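[1] Give me coordinates for this.
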Amino acid sequence: MNDRESALAGSAEQPARPSHARLFIALWPAVAERTALVRHRRQWVWSGKASLVRAERLHLTLHFIGALERSRIEHVAAGLQVPMSAFQLTLTHPDIWPRGIAVLRTGELPAALLQLHAQLGEALRALELPVEARRFRPHVTLARGAADATPPAAPAAVRWAVDGYVLVESTADSGGGYRILRRYGEQPG
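    Okay, here's the model as predicted:
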């Protein structure tokens with residue numbers, strides 16, 4: 001048995017599972033979209049300070065939920081099922097936001113994206129969960145600490161065929177990561 005296996009096997013050595021989960025709702029790219037995002041990111045010039053978001057963590061946040069008692073997750077997950085139609089999202093604008101956040105954002109907002117965002121906001125309110133008051137600015141974060149980065153000169157056009165969304169837990173294990181708790185998809189019309 002190696003060190004990792006023995007740490008997992010000995011329950012006395014395992015850290016206690018937190019009573020709360022840190023959750024958000026997101027669009028999660030399929031392999032083709034993730035590949036296109038990584039290809040776009042390679043066109044940037046990054047300083048040594050930039051911390052690139054790992055490819056498997058790239059996503060577009062729809063709503064941040066925050067800390068939620070684990071005992072409520074199933075109820076909340078069920079309440080987040082809202083009708084949606086598939087749509088095409090095009091990410092066209094590379095940008096560096098305050099605090100050195102490098103993003104790729106939309107130029108035009110598809111009506112179906114705005115509708116999905118609004119319906120999920122209503123679902124969160126019905127579940128007595130907070131909804132952020134600030135304006136929805138759909139984007140994919142590519143890197144942090146990137147104030148000195150240079151976006152590509154050529155225009156971006158990452159096309160994303162959206163047919164669902166996910167409920168995600170942000171985990172603290174193994175240096176942080178994401179775990180998809182539930183997938184939601186296009187509802188047959």
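[2] Look up the closest residue to the most centrally placed residue in the chain, ignoring the ones flanking it.
    With distances taken as Cα atoms, centre = their mean, His59 lies nearest the centre of the chain, 3.6 Å away. In space, and not counting its chain neighbours, His59 is closest to Ala26: 4.3 Å by Cβ to Cβ, 6 or more residues apart in numbering. Where C-beta positions appear, they are placed from N, C-alpha and C, glycine not excepted.
[3] Figure out the helix or strand that the one you found lives in.
    Using DSSP states H and E, Ala26 falls within strand 20-27.
[4] Each with direction, which strands does the helix or strand containing Ile180 pair with?
    Per DSSP H and E, Ile180 falls inside strand 177-185. Looking at strand 177-185 with DSSP bridges, its partner strands are strand 164-171 (antiparallel).
[5] And for stretch 98-107, what's in contact with it?
    For stretch 98-107, contacts defined as Cβ atoms under 8 Å, 6 or more residues apart in numbering pick out 37, 40-41, 44, 49-50, 89-97, 113, 137-149, 151, 156, 158.
[6] Go again with 7 Å.
    37, 40, 44, 89-97, 137-147, 149, 156, 158 (Cβ atoms under 7 Å, 6 or more residues apart in numbering).
[7] Same check on stretch 155-168?
    Contacts for stretch 155-168 (Cβ under 7 Å, 6+ apart): 23-29, 33, 36-37, 40, 62, 77, 80, 86-94, 104, 116, 178-186.
[8] mind running it again at 6 Å?
    24-28, 33, 36-37, 40, 77, 80, 86-87, 89-92, 94, 178, 180-186 (Cβ atoms under 6 Å, 6 or more residues apart in numbering).
[9] Pull out the buried residues from it.
    Judged by neighbour count using 16 or more other Cβ atoms under 10 Å, the buried positions of stretch 155-168 are 156, 158, 160, 162, 165-168.
[10] out of the contacts of stretch 155-168, which are buried?
    Buried among those (16+ other Cβ under 10 Å): 24-28, 33, 36-37, 40, 80, 87, 89, 91, 94, 178, 181-182, 184.
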